[in-house]
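Asks: model this:
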Amino acid sequence: MTEIIRPTLVIDKEQCLKNIERMATKAKEHNLKFRPHFKTHQSAVIGDWFRIYNVTAITVSSVMMAEYFASHGWDDITIAFPVNILEINNINRLTANIKLNILVENREAANVLAEKIKNNLGVFIKIDTGSNRTGISSSKTGTIDSIIKILNKNPKIRFRGFLAHSGHTYSAISTNEIFSRHFDALLKLATLKNRFKQDFPDIEVSLGDTPSCTICTNFSGVDEIRPGNFIFYDMMQFQLGVCDLNEIAIRVLSPVVAKHQSRNEIVIYGGAIHLSKEFLTNSAGKRYYGRIVKNINGKKTLLSDRNYVASLSQEHGILKVSQKNFQQFSIGDLVEIVPVHSCLTANLFRKYYTTDGMEISMINT
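Replies: Coordinates of the predicted model:
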């Protein structure tokens, strides 16, 4: 690997492969289609690692991302983001060459699709299972009926079923709460599936969030899962109790540029444009933007949560460290930071280095 002299995103390929294999095996054991979300890694090279485990269908978060992965041989893609009707021409170009599914959550978008779609297209209706971001409440069956009726005007459009992302599992305060929110989503989606199954015998339910897909075992009524973050995991998943530290396959390496002993602060070259301003709260109620891993007696160790990334500006990161640990940091050291949210961190860096020396590019680099 090229000598690291500035903030660098490093991933452990071996651990990534283990994470993929574990999720692919779980999907198979529960008779679920595995359609992983590629918005986390956004890389054709990493995408190919999934092929090792017989993945043939993927999820992305934009038309542009669908175009990128289609150009690298993926021909069964779901865009898990409400359709942007301004991109209808791009959608028509994609559907001429691949099997594409998109999301609808309102009549206005459905009308545009019914009028302008030229090739075969699968459409899922986005259901809000509690995250209150996008989607239709499962109780609004009248709205759902009207959208399906509009879509049916175009014979090229196939109503596939219902898609949900239980994003509110990320704000849970315990694994029991993740189980509870997941079960609530299952009930809502099962009710919808049962109501529409007579008219649509092949109706599907697609569910995707890393916390529930990782730790839950009840997927009654679900046909496919779409987790994405699991390939890397991060501090958010670790703090939720979803993964172990050794399952986190991503680190940011940042040089130490200054030390201030009077404040027990270490300054690193690595700021908001590298780590993002996504934060968690430690046991003392302090916000942190990443946790610190040090090599202690030849072993990688996560320092206590009294040692953390305390603040970020554009290029600067300020580490708060305990008095005990302060002398373990020297000017010119590379500090290993476990990011709070791997998806955002990867998106900021735009490329990876693997621990075995490989440089991996991402979309649009």
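Asks: List the residues that contact the nearest residue to residue 74 once chain neighbours are set aside.
Replies: Spatial nearest neighbour of residue 74, chain neighbours left out: residue 58 (5.4 Å); criterion: Cβ to Cβ, 6 or more residues apart in numbering. Placement of C-beta: from N, CA and C, glycine included. Going by Cβ atoms under 8 Å, 6 or more residues apart in numbering, residue 58 touches 35, 36, 37, 38, 47, 50, 69, 74, 76, 77, 78.
Asks: Mind doing that once more with 7 Å?
Replies: 35, 36, 38, 69, 74, 77 (Cβ atoms under 7 Å, 6 or more residues apart in numbering).
Asks: what do you get for residue 24?
Replies: Listed by Cβ under 7 Å, 6+ apart, the contact set of residue 24 reads 34, 53, 55.
Asks: Please indicate which of these has the highest neighbour count?
Replies: When neighbours are counted by other Cβ atoms under 10 Å, residue 34 leads those with 24 neighbours.
Asks: so residue 146 touches residue 106, yeah?
Replies: No - using Cβ atoms under 7 Å, residue 146 is not in contact with residue 106; the gap is 10.0 Å.
Asks: and of the contacts of residue 24, the nearest to residue 96?
Replies: residue 55 (23.6 Å; Cβ to Cβ).
Asks: could you measure the closest one against residue 37, distance?
Replies: Distance of residue 55 to residue 37, given as Cβ to Cβ, to the nearest Å: 11 Å.
Asks: Over to residue 140?
Replies: Counting by Cβ to Cβ - residue 140 and residue 37 are separated by 26 Å.
Asks: Could you tell me the end-to-end distance of stretch 138-156?
Replies: One end of stretch 138-156 sits 26 Å from the other (Cα to Cα, to the nearest Å).
Asks: Apologies, that question was intended for stretch 104-121.
Replies: One end of stretch 104-121 sits 12 Å from the other (Cα to Cα).
Asks: swap in stretch 25-38?
Replies: End-to-end span of stretch 25-38 (Cα to Cα): 18 Å.
Asks: mind checking how far it is from the chain centre?
Replies: Distance of stretch 25-38 from its chain centroid, counting by Cα atoms, centre = their mean, to the nearest Å, is 15 Å.
Asks: can you check stretch 170-189 too?
Replies: With Cα atoms, centre = their mean, you get 17 Å for stretch 170-189.
Asks: likewise stretch 10-28?
Replies: That offset, for stretch 10-28, works out to 14 Å (Cα atoms, centre = their mean).
Asks: How much space separates the closest residue to residue 57 other than its chain neighbours from residue 250?
Replies: Spatial nearest neighbour of residue 57, excluding adjacent residues (Cβ to Cβ, 6+ apart): residue 76 at 4.0 Å. As judged by Cβ to Cβ, residue 76 and residue 250 stand 27 Å apart.
Asks: Who has more neighbours out of the two?
Replies: residue 250 (25 against 16).
Asks: Show the contacting residues for the more buried one.
Replies: Per Cβ under 7 Å, 6+ apart, neighbours of residue 250: 9, 11, 232, 234, 339, 342.
Asks: Could I get the phi/psi values of the fourth one?
Replies: Here the main-chain torsion angles of residue 234 (degrees, to the nearest 10) amount to phi -180, psi -170.
Asks: so it touches residue 337, yeah?
Replies: No - with contact defined as Cβ under 7 Å, residue 234 does not count as touching residue 337 (10.8 Å).
Asks: about what we covered before: now, which of the contacts of residue 24 sits nearest residue 288?
Replies: residue 34 (32.9 Å).
Asks: quick one: the closest one from residue 254, how far?
Replies: Distance from residue 34 to residue 254, by Cβ to Cβ: 34 Å.
Asks: got it, and residue 177?
Replies: Taking Cβ to Cβ, one finds residue 177 at 33 Å from residue 254.
Asks: who's more crowded, the two?
Replies: residue 254 (27 against 15).
Asks: pretty sure that one contacts residue 7?
Replies: Yes - with contact defined as Cβ under 7 Å, residue 254 reaches residue 7; the gap is 4.9 Å.
Asks: quick revisit: show me what the residue nearest to residue 74 bridges to in the sheet.
Replies: Judged by DSSP bridges, the bridge partners of residue 58 are residue 77.
Asks: Show me which helix runs longest in this protein.
Replies: helix 175-196 (DSSP state H).
Asks: How far does that one sit from its chain's centre?
Replies: Worked out by Cα atoms, centre = their mean, helix 175-196 lies 20 Å from the chain centre.
Asks: after that helix comes which helix or strand?
Replies: Toward the C-terminus, helix 175-196 is succeeded by strand 204-207 as the next helix or strand (DSSP states H and E).
Asks: How far away from the center of its chain is that next one?
Replies: Relative to the chain's own centre, strand 204-207 is displaced by 17 Å; criterion: Cα atoms, centre = their mean.
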